[in-house]
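**Student:** based on what follows, work out the 3D shape:
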Amino acid sequence: MEDLDELLDEVEKKFCSNVSVVSSARVGSSGAGRCGEDPQTRSATKHKAPVSSVTEDVDAFLEELLEEDCSESSQLKTERFLKGTRAEKKPSSQSGGRKCCPVFLGGSSVTNGVGTVTSKRSCDQLRCTSCDFRVLMFDDCEWDLSCDYLFFRNNMPDRQKLRAKLKKRRGLRAYACQCSWFSTLEPTDLRDRPQLRWVCGKHQD
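**Tutor:** Model (predicted):
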């Protein structure tokens, strides 16, 4: 029995004095490292974090990265969704309104609006492709025969000055831009008046 006790004491001393850094960490965590109390072993234990603690730190770091990744991914998806929504809305706003087809002029008794083959409304959204002026209209008036290009060139778009060349004529409507002018009583298809470079702008719904 005494030989066995001596052998156990010798093994215990060797184990406690020669334990590795990792083994000392494990022994220290279980409470069995009290024997021997080697100063080098205690120092290594203090400076070396337990394996379980290191694993927890790594897991926490990975979770933090995953959370940041998820938040960035959600933000990108939100931004793409908003851009897509704007891109979908933009064409609809640009395509808003309707155009006359064909384009009609008409006297003051002709209703203004979007002209079609079946509904010959007078277009009130005309613009000249030659001078780029909006076409002005004067109800119950016609242009005097003395009108010329310089008159409109110098006075457009001052409605007050333009009235100097207008004559009262019930039922007629006088049209003018900076380079052309026209008076009519009945609905007139612009395709029959090629000298007038007027086109329909968009009518708001």
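**Student:** can you show me the strands along the chain?
**Tutor:** Assigned strands in the chain, in chain order: 104-105, 126-128, 136-143, 166-176, 181-184, 188-189, 198-200 (criterion: DSSP state E).
**Student:** which secondary element of this structure has the worst mean pLDDT?
**Tutor:** Lowest mean confidence among the helices and strands of the chain (mean pLDDT, DSSP states H and E): helix 21-30, at a mean of 46.
**Student:** returning to that earlier point: out of the strands of the chain, indicate the one that is most buried.
**Tutor:** Burial among the strands of the chain, expressed as mean neighbours by mean count of other Cβ atoms under 10 Å, is greatest for strand 104-105, which shows a mean of 25. Quick note: C-beta positions are derived from backbone N, CA and C, even for glycine.
**Student:** by contact count, what packs against that one?
**Tutor:** With contacts taken as 3 or more Cβ pairs under 8 Å, 6 or more residues apart in numbering; DSSP states H and E, strand 104-105 sits against strand 188-189.
**Student:** tell me the strands beside the strand it packs on, with direction?
**Tutor:** Pairing partners of strand 188-189, with direction, according to DSSP bridges: strand 104-105 (antiparallel).
**Student:** contacting residues around W143?
**Tutor:** Remark: with contacts taken as Cβ atoms under 8 Å, 6 or more residues apart in numbering, W143 is in contact with 165-167, 174, 176, 181-183.
**Student:** show the model's pLDDT score for it.
**Tutor:** For W143, the model assigns a pLDDT of 97.
**Student:** tell me the bridge partners for it.
**Tutor:** L166.
**Student:** ok, it to Y175 distance?
**Tutor:** For W143, the distance to Y175 under the criterion Cβ to Cβ, to the nearest Å works out to 9 Å.
**Student:** buried ones in stretch 122-134?
**Tutor:** Residues of stretch 122-134 classed as buried: 122-126, 128, 131, 133-134 (neighbour count, 16 or more other Cβ atoms under 10 Å).
**Student:** with pLDDT and distance to C200 added, can I get those in CSV?
**Tutor:** CSV is the format used below for these (pLDDT from 0 to 100; distance: Cβ to Cβ, whole Å):
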residue, pLDDT, distance to C200
S122, 93, 11
C123, 93, 5
D124, 92, 9
Q125, 93, 6
L126, 94, 6
C128, 95, 12
C131, 95, 16
F133, 96, 15
R134, 95, 12
